[in-house]
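Asker: with the sequence up front, the predicted model follows.
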Amino acid sequence: MEELEPFAFRALRMDPDFPFADVEEIAVRLVMSGALVPGYVPPEAGLLSVAAFKYTQTFDGTQTILLPDRNLISRMARIARDGIPSKIDAPTRIAIDLMAFAQAVDLDIEPSIAFHELAHRHGNAIAHDELSWFRAANHGQAQAWIDIAQGRTERLPITTPAAREDKDLAFPLHRWNRNYIVALKTAELELSPSTPLERAKALLQWMADDFFLAGPAAIFATMYFSPFAGKRRLFKQLRSKDRERAIAGIRNAAWDITHLSQFVAQQKRSNGENIFFLFATADRGLAEIAPILMIDADETEYADMLAQRLSGWWPPRDAAVIANDWFSRRHAAEMSGAPPPAFEAATIRELIDTGERTMRSWRQPGG
């Protein structure tokens, strides 16, 4: 930010037609939903202060980019396609409010991971169809979205889908492959007779010795292993007799991890560029994990701060053990100066095949 003359001030002039009261009310709902996780320190005025957004955009040239997960993106696209929400459940409410707020204060929405996930599950044709409707939803309809958000209307104006793109969205992302391997290992350990703490320590040791230290995946697994976690929400159908349903649940968890890891990577790459990222999810588990990935502390405080955050899921003593184990392994890797291993495609395929075979061969004890 440029240095101002003594006693100088900047006056922000808002468009007199800007629906300030509506947008502030929408912002309050979004903050109260707990769906938003910033990759930066929010302004003192508040995470979604309209005035703060307008001020920094105007005078500092900042850009804030929203990274919503697939459930939110899909709801935005569906409303544009159908013109009306099929039902106003909690995720749909967040999706409507988020689109209204983003268009009102000129925030960009980056949906790429969501559409890679959709294409990976259902193919390019379905993903591109939904992407074209998302583009239509995210195009110059701020007042229409605000009116739906505020209950003044139930329908968007009739629109047409944006031009379809011709990209291969279904190809396996390298980031997702790595996260899937960790998710398979996490599932294997969860199905073992070990204690929760033993599973967490075994995963970190495996990462350090045989794979690499993937922060978002490690924190996700740590929450999953916790004796206090709502496990069904994170790895669906893991103990199902239908082992393909178990594998589908693990793949879904790998996409959740990929949304988190993309959020972390984007914010790290943008440091010093006046670009900030805001993760949005209606999944309570992801919203609880994401802030832990953004711990901003020096080496002397990091482990203690991580233990404090983990203590919501673990007994304090176990939280300290996990935090110190993670910190010491990460510190050793950084001090070695060695880059993370670059696994060849054949090795990645072998690790995935091995993990899936392990999952398919598992049987209920006594079954």
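Answerer: Received, thanks. Fair warning: this is a prediction, and the values are worked out from it, not measured in the lab. Numbers count the residues shown, from 1 in each chain.
Asker: would residue 356 count as being in a helix?
Answerer: Yes: membership of residue 356 in a helix is supported by DSSP: H, G, I helix; E, B strand; the rest coil.
Asker: next, count neighbours for it.
Answerer: If you count neighbours by other C-beta atoms under 10 Å, residue 356 ends up with 18. From N, CA and C alone the C-beta is placed, and that goes for glycine too.
Asker: that one contacts residue 183, doesn't it?
Answerer: No: applying C-beta atoms under 8 Å, one finds residue 356 not in contact with residue 183, separated by 11.0 Å.
Asker: for the stretch 101-250 of the chain, what are the low-confidence residue spans?
Answerer: 230-233 (pLDDT under 70).
Asker: next one, pLDDT for the closest residue in space to residue 24 that isn't next to it in sequence please.
Answerer: Of all residues not flanking residue 24 in the chain, residue 50 sits nearest, at 5.8 Å (C-beta to C-beta, 6 or more residues apart in numbering). The per-residue pLDDT reported for residue 50 equals 92.
Asker: which neighbours do residue 356 and residue 183 have in common?
Answerer: Common contacts of residue 356 and residue 183 (C-beta atoms under 8 Å, 6 or more residues apart in numbering): none found.
Asker: give me the distance between the residue nearest to residue 24 and residue 72.
Answerer: Going from residue 50 to residue 72 by C-beta to C-beta, to the nearest Å gives 21 Å.
Asker: pick out whichever of those two has more residues nearby.
Answerer: Neighbour count, other C-beta under 10 Å: between residue 50 and residue 72, residue 72 has more, with 26 against 21.
Asker: thought the more buried one was touching residue 93?
Answerer: No: assessed by C-beta under 8 Å, residue 72 is found out of contact with residue 93, at 10.5 Å.
Asker: how far away is the residue nearest to residue 24 from residue 135?
Answerer: For residue 50, the distance to residue 135 (C-beta to C-beta) stands at 25 Å.
Asker: same question, residue 24
Answerer: Relative to residue 135, residue 24 is positioned 28 Å away (C-beta to C-beta).
Asker: for residue 259, same thing?
Answerer: 20 Å.
Asker: neighbour count winner among those two?
Answerer: residue 259 (23 against 17).
Asker: mind listing what the residue lying closest to the more buried one once chain neighbours are set aside touches?
Answerer: Nearest non-adjacent residue to residue 259, counting by C-beta to C-beta, 6+ apart: residue 69, 5.1 Å away. Taking C-beta under 8 Å, 6+ apart, we find residue 69 in contact with 114, 256, 259, 280-283, 286.
Asker: inside helices: which ones of the residues you listed?
Answerer: Residues of these located in helices (DSSP state H): 114, 256, 259, 286.
Asker: where neighbours are concerned, which of those residues has the most?
Answerer: Busiest of these [other C-beta under 10 Å] is residue 114, holding 27 neighbours.
Asker: so who does that residue touch?
Answerer: So residue 114 contacts 68-70, 73-74, 259 (C-beta under 8 Å, 6+ apart).
Asker: count of neighbours near residue 156?
Answerer: Counted with other C-beta under 10 Å, residue 156 comes out at 22.
Asker: doesn't residue 145 make contact with it?
Answerer: Yes: look at residue 156 against residue 145 with C-beta under 8 Å: they come within range, at 7.4 Å.
Asker: residue 285 against residue 226, yeah?
Answerer: No: using C-beta under 8 Å, residue 285 and residue 226 do not qualify as a contacting pair, with a distance of 10.8 Å.
Asker: higher neighbour count, those two?
Answerer: Remark: of residue 285 and residue 226, residue 226 carries more neighbours, 23 against 18, as counted by other C-beta under 10 Å.
Asker: how much space between the nearest residue to that one once chain neighbours are set aside and residue 191?
Answerer: What sits nearest to residue 226 in space, not counting adjacent residues and going by C-beta to C-beta, 6+ apart, is residue 313, at 3.7 Å. According to C-beta to C-beta, residue 313 stands 20 Å off from residue 191.
Asker: so those two - more neighbours on which side?
Answerer: Taking other C-beta under 10 Å, residue 313 and residue 191 do not tie; residue 313 has more neighbours (21 against 18).
Asker: do you know the pLDDT at that one?
Answerer: For residue 313, the predicted pLDDT is 89.
Asker: next up, the contacts around residue 176.
Answerer: Residue 176 neighbours (C-beta under 8 Å, 6+ apart): 116, 120, 254-255, 258.
Asker: tell me the buried residues in the host helix or strand of residue 306?
Answerer: Per DSSP states H and E, residue 306 falls inside helix 299-310. Using 16 or more other C-beta atoms under 10 Å as the test for burial, helix 299-310 gives 302-303, 305-307, 309-310.
Asker: would you list those residues in CSV and tack on pLDDT?
Answerer: Shown next, in CSV, are the buried residues of helix 299-310 (pLDDT from 0 to 100):
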residue, pLDDT
302, 89
303, 91
305, 93
306, 94
307, 95
309, 91
310, 93
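Asker: which one of the residues you listed sits closest to residue 235?
Answerer: residue 310 (18.8 Å; C-beta to C-beta).
Asker: surely that closest one touches residue 289?
Answerer: No: between residue 310 and residue 289 there is no contact under C-beta under 8 Å: 10.6 Å.
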